[in-house]
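> Take this sequence and fold it.
(chains A and B)
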Amino acid sequence: MLYMKQLFIWLCFLIFLLFARKIHATPQKPYVLTFGIFSYVSDCNPNDSSNFSAMRGYEPTLVLDAMRLANLTYGVDIIFYCAVYESEYTVFGPNRNTSTIGSFGGLFISADQAKQGYTLSLLTMDSGLSIG
Amino acid sequence: MLLLLPLLLGLVVYVFQERDQYYLNYVHNFFSYIFKIEFLERLNLESRVLELAFQISMSIIMTLYVARLTNALTQQKTFGGVNTIEDLKGVRITSADFFQTYVEIVGGRFIPLPISEAIESDEDLVASIRSSESPYFMFDTLIIYHLAKRNCDISLAVKDVIKFDCGVVWASDAPQEIKTKMDYGLIKALEAKSQFVRMTEAIESFGVTVDCPGPDGYTYHVR
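The predicted model follows:
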């Protein structure tokens, strides 16, 4: 009987740990969208990641417009972070920040990303690779 | 050289001949060497020597011209002479590692971009491309436009050999509500203002300094 009681306590503790981890891992508002520096597509100050006034370019403007049209508020629902590719703040980083839910800035919509478990939005821009 | 030498030698022969003949006749004869073989008759020794020198010099000039033209054509052939996607087969193309597959898809020989990890600016990228010693490089169309505006020895050879779409990449645990709302917002935002208009506005907002002439698909604000 004593063993059963101990087993029950351990089981509860394990469930608590799993639940706590789940809560901790779930992204919380304001969600973070990251982007890096990519020509005219997206630009920001990498030394001041949250400096909104330094964020400019085609895609940040488009995503802000999309947020406005979808009744999402910058600062409440979503904030932007300036982050270089594969840093901890992007969705691709191995130590991804839990609030980071997405990245943009000239990122290809490809089958590879879908295979890696990412989901993709509708297109923000059609582009191409050229020979120079 | 082709115009001045016949004129000069025609006048010199006119002086040597000392005949009551209009000097343009001699000049005409020398010019005619370029187009047809019509030797002068009854020339004295000095004139014949000059005529011979003229013929030798013309031979040298023509030989050099043909040699240089051949060299230029051979060089163009060696480097690919790229005008279409078909011309890219076997051509050395430098690019970032993550574009290797795309270089190989178009049939090019992939040359890794040197010091790619140290590239932090356009200047670094251009220096890296140059140090690769590849005649061609593959990058995003927009970046090539940008580089060509600032570096006059860079130009767009073939546009959009690979087409792709860009978008927001969502993490697997991103809330579905946000993703759905953003998709809706993106459709509406692009309906309200097209990509072309938005990109033109974005480029203008960067106040791009244009150093090189040449037509392209985007409009630029010139400082």
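
> so B:Arg48 is in which element?
Element membership of B:Arg48, judged by DSSP states H and E, is helix B:45-78.

> now swap in B:Ala174 and tell me
Going by DSSP H and E, B:Ala174 is not in any helix or strand.

> what's it in contact with, if anything?
Contact analysis of B:Ala174 by C-beta atoms under 8 Å, 6 or more residues apart in numbering or on different chains lists A:27, A:31, A:101-102, A:119. C-betas here are computed from N, CA, C, even on glycine.

> Same question for B:Leu113.
So B:Leu113 contacts B:94-97, B:119, B:128-129, B:132, B:137 (C-beta under 8 Å, 6+ apart).

> Restricted to buried residues, select the residues you listed in ChimeraX.
Buried residues among these (16 or more other C-beta atoms under 10 Å in any protein chain shown), as a ChimeraX selection:
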select /B:94,95,96,119,128,129,132,137
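
> just the contacts of B:Leu113 that are near chain A?
The subset of the contacts of B:Leu113 within reach of chain A, by C-beta under 8 Å from any C-beta of the partner chain, is B:Phe137.

> mind listing the strands for chain A?
A:31-35, A:78-82, A:100-104, A:119-131 (DSSP state E).

> other SSEs contacting the first one?
Counting contacts by 3 or more C-beta pairs under 8 Å, 6 or more residues apart in numbering or on different chains; DSSP states H and E, strand A:31-35 packs against helix A:58-69, strand A:78-82, strand A:100-104.

> got the contact list for that strand?
With C-beta under 8 Å, 6+ apart as the criterion, strand A:31-35 contacts A:42, A:44, A:55, A:59-60, A:63, A:77-83, A:89-91, A:97, A:99-105, B:168, B:174-175, B:178.

> same thing but 7 Å
A:42, A:44, A:59-60, A:63, A:77-83, A:89-90, A:97, A:99-105, B:178 (C-beta atoms under 7 Å, 6 or more residues apart in numbering or on different chains).

> Distance check, B:Cys212 against A:Thr119.
The gap separating B:Cys212 from A:Thr119 is 41 Å, by C-beta to C-beta, to the nearest Å.

> whoops, B:Glu123 was the one
Applying C-beta to C-beta to B:Glu123 and A:Thr119 gives a distance of 37 Å.

> what about the longest strand seen in chain B, near chain A?
Ranked by number of residues, the top strand in chain B under DSSP E is strand B:158-170. Yes. Strand B:158-170 reaches chain A (C-beta under 7 Å from any C-beta of the partner chain) through B:158-170.
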